[in-house]
Each structure stands twice: as structure tokens, then as C-alpha cells.
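*Asks:* need the 3D shape of this:
(one chain, ligands or ions: 1)
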Amino acid sequence: MKLLEDRIRKEGKILSADILKVDRFLNQQMDVALFEEMGKEFRRLFADEKVTKILTIEASGIGMACLCAQQFSCPVVFAKKAQTKNVSGDIYTSKIMSFTHGREYDILVSAAYLRPEDRVLLIDDFLANGEALRGLIDLVRQSGATLVGAGIAIEKAFQPGGDTIRATGVRVESLARIASMDPETGIVFVGE
Ligand code: 5GP
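*Replies:* Residues are numbered from 1 along each chain as shown. As a prediction, the model looks like this:
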């Protein structure tokens, strides 16, 4: 998606060979008009999938997921991150290794919000090693809902997550795919 790629190039900060900061429009300050366009693009890509629920993970995916849900006229559910193992009740949980924090989390969602009859689209801001998506996919599987795929804003295609998740048969659509990035020379998108 050219609009997003241009924005990343203009306002993204490459902190290291594998961390991109997009706080100016996506992760802290949020450009809602841009999110709306991204939501429309996800809607176009998954138009025939009869999505009934968007599932994301707190916190940075939530804003984008809301604008996306508006296009699908469905609710957003976000998985919570918890460090405690004392989760009880009617809850689905999975464990993921956080890319940005370098530690393991339990993620959890109430069983009330993911039902077997749901058709779920996963939405997240970044795809790196694929841990966040793997955890979300696990929650959907536990619920018995149908997973229609995943919509990602920025895939760092030089990291293994995209290939790993696609190899399991899950449809992953990323609006911007970074082939490589370097604090000195900048970003190259896939296909450039
Ligand atoms: P993964 O689980 O695929 O390894 O990493 C995805 C998660 O880590 C995303 O939810 C995102 O919050 C965070 N993340 C991964 N790489 C980056 C990055 O380069 N920049 C930022 N801001 N977040 C990232």
C-alpha cells in the first residue's frame, strides 16, 4: 500500500537492523485517517470472507483494528497480555515471546467473545518473528471459530514470521513489506 510505504519512509525511524519506530503515526500518535484507508484496504482484501470479528492484541494494534472493524461492521476483541499464570474461568490462553520486550507473556481472551460460529480476521501492527500471530491463531483454534486470515500493517519480511505462518496455511496480507532496513541506507520494500 503506497500510502503506508510513503509514510514509513518519511516518518519511520530505523532504530537498529531489526527495530523500526513508527510512533509518529501508528504506535503512539495515531493517524486515524491513515487507519481508515488501511481498514478499507483490508476490507477489499478480505471482502468475501464474511468476517464477524476482528481479533488483535493489546496495546498497539487496537486503534488500527477499530478502524478496520468499522469497514467490516463487526466488533473488535483484543487479547490481553498477562504475566500471571493465575488465569481462571472461561478463558482461552496461549504463551508468546514478546519481540519488543524479550520476555514471555500469557495472552488471554474471554471465551464469551470468541464463539465457534465466528469468522475471525486477525489484525496487528507488525509481523516480525510471528509470535504474536501464532498466539492469536492458537486462541482462535481453541475457540472453534473459523480463522479467515491475518491483516498486518508492517511485515518485516527479512524476519521469519511471515513465511512461518503462511507455511501453516494461514492467509497473511501485509500492507507494507520491508525487504531490508538499515539506519544508514534506509528501507527497501519487497518488490523494489
Ligand atoms: P512478532 O510476535 O511477530 O515477533 O512481533 C510482533 C509484535 O512485536 C507486534 O505486535 C509489535 O507490537 C512488536 N514489534 C515487532 N517488531 C517491531 C518493530 O520493528 N517496531 C515496533 N514498534 N514494534 C515491533
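*Asks:* is stretch 125-132 up against the ligand anywhere?
*Replies:* Yes - judged by Cβ under 6 Å from any ligand atom, stretch 125-132 and the ligand are in contact via 125, 126, 127, 128, 129, 130, 131, 132. Every C-beta, even on glycine, is put in place using the N, C-alpha and C of the backbone.
*Asks:* give me the number of neighbouring residues for the nearest residue to residue 110 once chain neighbours are set aside.
*Replies:* Of all residues not flanking residue 110 in the chain, residue 91 sits nearest, at 5.8 Å (Cβ to Cβ, 6 or more residues apart in numbering). Per other Cβ atoms under 10 Å, the neighbour tally for residue 91 reads 16.
*Asks:* what of residue 57?
*Replies:* 26.
*Asks:* nearest spatial neighbour of it, skipping sequence neighbours?
*Replies:* With Cβ to Cβ, 6+ apart, the residue lying closest to residue 57 is residue 79, at 4.7 Å.
*Asks:* tell me which element that neighbour falls in.
*Replies:* For residue 79, the host element (DSSP states H and E) is strand 76-82.
*Asks:* what stretches of this protein score poorly on pLDDT?
*Replies:* 83-89 (pLDDT under 70).
*Asks:* ok, now which ones touch the residue sitting furthest away from the middle of it?
*Replies:* The centre of the chain is farthest from one residue, residue 184, which by Cα atoms, centre = their mean lies 27.4 Å away. Under the criterion of Cβ atoms under 8 Å, 6 or more residues apart in numbering, residue 184 has no neighbours.
*Asks:* Three-state assignment for it, please.
*Replies:* Classification of residue 184 by DSSP: H, G, I helix; E, B strand; the rest coil places it in coil.
*Asks:* same check, this time on residue 135
*Replies:* Classification of residue 135 using three-state DSSP returns helix.
*Asks:* number of residues surrounding it?
*Replies:* For residue 135, using other Cβ under 10 Å, the count is 22.
*Asks:* how close does it get to residue 38?
*Replies:* 22 Å (Cβ to Cβ, to the nearest Å).
*Asks:* what is the subsequent helix or strand relative to the strand holding residue 79?
*Replies:* By DSSP H and E, the next helix or strand past strand 76-82 is strand 91-97.
*Asks:* burial measure for residue 167, as a count.
*Replies:* Residue 167: 9 neighbours (other Cβ under 10 Å).
*Asks:* hmm, I typed the wrong one, I wanted residue 165.
*Replies:* Counted with other Cβ under 10 Å, residue 165 comes out at 21.
*Asks:* so who does it touch?
*Replies:* Applying Cβ under 8 Å, 6+ apart to residue 165 gives the contacts 127, 130, 133, 134, 137, 150, 172.
*Asks:* most neighbours out of those, which is it?
*Replies:* residue 150 (28 neighbours).
*Asks:* any idea where the strands of this structure begin and end?
*Replies:* 13-14, 20-21, 53-57, 76-82, 91-97, 104-110, 119-127, 146-156, 172-182, 186-189 (DSSP state E).
*Asks:* which one of these is the most hemmed in?
*Replies:* Most buried of these, by mean neighbour count (mean count of other Cβ atoms under 10 Å): strand 53-57, with a mean of 26.
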